[in-house]
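> Make a model of this:
(chains A and B)
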Amino acid sequence: MAVVAAVPRVEAQAAPRNLGDQVLRLVLRAAALTLVLLVLAMVVSMVRASWPAMRAFGWRFLATSTWDPVAEQFGAIPFVYGTLLSSLLALLIAVPLGIGAAIYLAELAPAWIRPPIAFLVELVAAVPSVIYGLWGIFVLAPLLRVWVQPALGKTLGFLPLFQGPPYGVGMLAAGIILAIMVVPYITAVSREVLLAVPTSQREAALALGATRWETTRIAVLRYGRSGLVGAILLGLGRALGETMAVTMVIGNRPEVAVSLFAPGYTMASVVANEFAEATSDLYLAALIEIGLLLFVVTVIVNALARLLVWSVGGPVKAVRE
Amino acid sequence: MADGIVVRDLNAWFGNAHVLHGIGVTIAPKAVTAVIGPSGCGKSTFIRCLNRMHEVVPGARVTGSVRVEGLDVYAPGIDPVQVRRKIGMVFQKPNPFPTMSVFDNVVAGLRLGGVRERSVIDEAAERALRQAALWDEVKDQLGKSGVSLSGGQQQRVCIARALAVEPEVLLMDEPCSALDPIATAKIEELILELRSTLTIVIVTHNMQQAARVSESTGFFLLGELVEFDVTRQLFTNPRDKRTEDYITGRFG
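I've put the predicted structure just below:
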């Protein structure tokens, strides 16, 4: 008897008869679907709007580096290059700085100093990007032009990376500005990751006779490494899409230059900069195709990042805490 | 000669809370000593003072003297890192490093000590795992993650990890409280096998366990060492009324 009675109850869980449950389920399903539809709608409308450029240039759009609105010749390479290089540069600077600061804040800093610094870091993350851009133009670029670039040119000038006239604005300035903007994110998230490492892990290392640094290395950083990769990716995501501050300091010249001193351009900046002056349909379509490309690049980078997090693997299964 | 552990006038604090009051005790070498008492009586703090783990908690403080096998643990100029390399410790919850394999877990202490020679490391790993009665169970899965094992196996990995550096003293802080009875029995068996080779101090809230594995037992209450005696004596004929109340289950 009891078994027979139990069967409909199980069914009831699978498909609720209760009206309230049904309504709730429909509403929530609609909410989830809306998100999916929004993404699809964005892609579809971008593809439609960029169709003239796709028809005119085909795959050449991705393989040429001419950007000539007058002759209506458009190629995306300088922008893809600029976006990837400036973001890479930003990460090179921001990752050691951000993770280093996070280690200090989570492991080493005296207790009283941690909350104010952590608060400050989160505050810095909230500064609007146009402020960074202004600071970049009026402080960073002159600093680079007068001091840093001549010094780099003198000492490391044999590398193609550090050749050419010091303009101040350019790829180096963009990378540094992006690094400054991304550091607070990496620091804040990494700090949370490190704080989440159980005390029992630190004690395991300490009891084995590990020093402070060894404990951090074998117990804390290794335990949190997938979270740290996540923190870096969050920073990368922000760097790839950042528009305003980069536009203000990168120099906005659609060229592929090896030197970090040379001006460059990114996908986000060219869309923001030239959208209003795109007079012909083909020009506009090319810009929208750049936007679509930025979308695709971001998706690819995030997918790769996900794969990286999986392959790095976190704590397989957290020790029974 | 082996001196065991000599503790004199040991006091410990967490911030302003005075959690150990003037503890004095001599712990015999190459024997098992149990530390019992109700929760919060300071028994864990006591053994954490023996290898200077107490002070890793912010605001924690210690006074008094501890000599472990002749080493003055709290002498000025003594590096706690050196103390902890001589004294192994096993914790309440198994805490293998989850990102390391079983093998790497066991030899983590050796590698910290700068041992690089493959043959030495391999030998030490096998010896420690045999000592921890785990070799036969894991010898074919040394490359697997330390947390893929069962809870009892994880705890024995932690014991092997502590033993691999050949410490003179092994401190165990309620090593069975997160384990089932079968795993607990294995650990107890292991303790009995190890006692001829090193000095073991085990904190336990399980009085039967203390009676089963130890030669001497200390009873802590409210931060004081109420009574310290041969285990059988303490359980059958306690001198202090409070000990008697505790072991007969009148409180705690």
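
> On the pLDDT front, check residue 176 for me.
Using chain A. Note on A:Ile176: pLDDT of 97.

> Wait, chain B was what I had in mind.
93.

> just A:Val4 next, same as before
44.

> ok, now the one 4 residues further on?
A:Pro8 is assigned a pLDDT of 49 by the prediction.

> Quickly note the distance from B:Lys43 to chain A.
17 Å (C-beta to the nearest C-beta, to the nearest Å). Placement of C-beta: from N, CA and C, glycine included.

> residues near that residue, how many?
26 (other C-beta atoms under 10 Å in any protein chain shown).

> for B:Asn237, same thing?
B:Asn237 - counted by other C-beta under 10 Å - has 10 other residues nearby.

> A:Leu120 too?
Based on other C-beta under 10 Å, the number of other residues close to A:Leu120 is 11.

> Pretty sure B:Gly88 sits in a strand.
Yes. Membership of B:Gly88 in a strand is supported by DSSP: H, G, I helix; E, B strand; the rest coil.

> Surely it is in contact with A:Ala207?
Yes. Assessed by C-beta atoms under 8 Å, B:Gly88 is found in contact with A:Ala207 at 7.4 Å.

> what is in contact with these two at once?
B:Ala162 (C-beta atoms under 8 Å, 6 or more residues apart in numbering or on different chains).

> Surely B:Ala185 is in a strand?
No. Counting by three-state DSSP, B:Ala185 is located in no strand; its state is helix.

> so how far is B:Ser119 from it?
As judged by C-beta to C-beta, to the nearest Å, B:Ala185 and B:Ser119 stand 35 Å apart.

> Settle it for me: which of the two has more neighbours?
B:Ala185 (14 against 7).

> pLDDT score assigned to that one?
So B:Ala185 comes in at 93 (pLDDT).

> Report the separation between it and chain A.
Relative to chain A, and taking C-beta to the nearest C-beta, B:Ala185 is found at 19 Å.

> what's the spacing between that residue and B:Pro98?
From B:Ala185 to B:Pro98 the distance is 26 Å (C-beta to C-beta).

> same question, A:Val80
Relative to B:Pro98, and taking C-beta to C-beta, A:Val80 is found at 39 Å.

> who has more neighbours, those two?
B:Pro98 (23 against 19).

> does the more buried one belong to a helix or a strand, and which?
Using DSSP states H and E, B:Pro98 maps to neither a helix nor a strand.

> can you confirm A:Leu194 is in a helix?
Yes. Using three-state DSSP, the assignment for A:Leu194 is a helix.

> Quick check: closest non-adjacent residue to it.
The shortest distance from A:Leu194 to any non-neighbouring residue, by C-beta to C-beta, 6 or more residues apart in numbering or on different chains, is to A:Ala106 (3.7 Å).

> I'd say that neighbour and A:Arg191 touch.
Yes. Taking C-beta under 8 Å as the definition, A:Ala106 is a contact partner of A:Arg191 at 5.1 Å.

> Looking at these two, which one has more neighbours?
Between A:Ala106 and A:Arg191, A:Arg191 has the larger neighbour count (other C-beta under 10 Å), namely 25 against 21.

> Where does A:Ser259 sit: helix, strand or coil?
A:Ser259 - assigned by three-state DSSP - is coil.

> Count the residues that sit near A:Ala262.
18.

> Show residues contacting the helix or strand encompassing B:Ala128.
According to DSSP H and E, B:Ala128 maps onto helix B:118-131. Residues external to helix B:118-131 that are found in contact with it (C-beta under 8 Å, 6+ apart): B:103, B:106-107, B:110-111, B:115, B:135, B:138-139, B:142, B:159-161, B:163-166, B:190, B:193-194.

> Now a PyMOL select for only the buried ones of these.
Restricted to buried positions by 16 or more other C-beta atoms under 10 Å in any protein chain shown, the PyMOL selection for the contacts of helix B:118-131 reads:
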select buried, chain B and resi 103+106+107+110+135+138+142+159+160+161+163+164+165+166+190+194
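
> Contacting chain A as well, which ones from the contacts of helix B:118-131?
Residues of those in contact with chain A (C-beta under 8 Å from any C-beta of the partner chain): B:161, B:165.

> Among the contacts of helix B:118-131, which ones are in helices?
Among the contacts of helix B:118-131, the members found in helices (DSSP state H) are B:103, B:106, B:110-111, B:135, B:138, B:159-161, B:163, B:190, B:193-194.

> ok, now which ones touch the closest residue to A:Pro165 other than its chain neighbours?
Distances taken as C-beta to C-beta, 6+ apart place A:Phe261 nearest to A:Pro165, at 7.0 Å, with adjacent residues excluded. Neighbouring residues of A:Phe261 by C-beta under 8 Å, 6+ apart: A:149, A:153, A:162-167, A:170-172.

> just the buried members of the residues you listed?
Buried among these (16+ other C-beta under 10 Å): A:149, A:153, A:162-164, A:166-167, A:170-172.

> Which two of those residues have the greatest separation?
A:Gly153 and A:Met171 (14.4 Å; C-beta to C-beta).

> Does the residue in the stretch 101-250 of chain A that chain B sits nearest to belong to a helix, a strand or coil?
Residue nearest to chain B within the stretch 101-250 of chain A: A:Gly209 (3.3 Å; C-beta to the nearest C-beta). The local conformation at A:Gly209, judged by three-state DSSP, is coil.

> And it, its phi and psi?
phi 90, psi 30 (degrees, to the nearest 10).

> List the contacts of the closest residue to it other than its chain neighbours.
Closest residue to A:Gly209 apart from its sequence neighbours, by C-beta to C-beta, 6+ apart: B:Arg85 at 3.3 Å. Applying C-beta under 8 Å, 6+ apart to B:Arg85 gives the contacts A:208-209, B:109, B:112-113, B:165, B:167.

> And for B:His54?
So B:His54 contacts B:12, B:45, B:48, B:60, B:62 (C-beta under 8 Å, 6+ apart).

> Same check on A:Pro142?
A:Gly168.

> Quick one, grab the pLDDT at it.
Reported pLDDT for A:Pro142: 96.

> still on that earlier bit, what does the model give the residue nearest to A:Pro165 for pLDDT?
94.

> can you give me the strands for the chain?
By default, I'm working from chain A. Using DSSP state E, the strands of chain A run over A:67-68, A:73-74.

> meant chain B, my bad for not saying
B:5-14, B:17-27, B:32-36, B:60-68, B:71-72, B:87-90, B:169-173, B:199-203, B:216-221, B:224-230.

> Chain A: which of the ones you listed is closest?
strand B:87-90 (3.9 Å).

> packing partners for the closest one?
helix B:151-163, strand B:169-173 (3 or more C-beta pairs under 8 Å, 6 or more residues apart in numbering or on different chains; DSSP states H and E).

> Could you tell me the angle between the longest one and helix B:118-131?
Regarding helix B:151-163 and helix B:118-131, their directions subtend 130 degrees when assessed with axes from the mean of the first three to the mean of the last three C-alpha atoms, to 10 degrees.

> For helix B:151-163, name the packing helices and strands.
helix A:199-207, strand B:87-90, helix B:102-106, helix B:108-112, helix B:118-131, helix B:135-138, strand B:169-173, helix B:181-194.

> Then the shortest one?
Where contact means 3+ C-beta pairs under 8 Å, 6+ apart, strand B:169-173 is packed against helix B:43-50, strand B:87-90, helix B:151-163, strand B:199-203.

> Rebuild those as CSV, extending it with mean pLDDT.
Listed next are these as CSV, based on pLDDT from 0 to 100:
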stretch, mean pLDDT
helix B:43-50, 96
strand B:87-90, 96
helix B:151-163, 95
strand B:199-203, 96
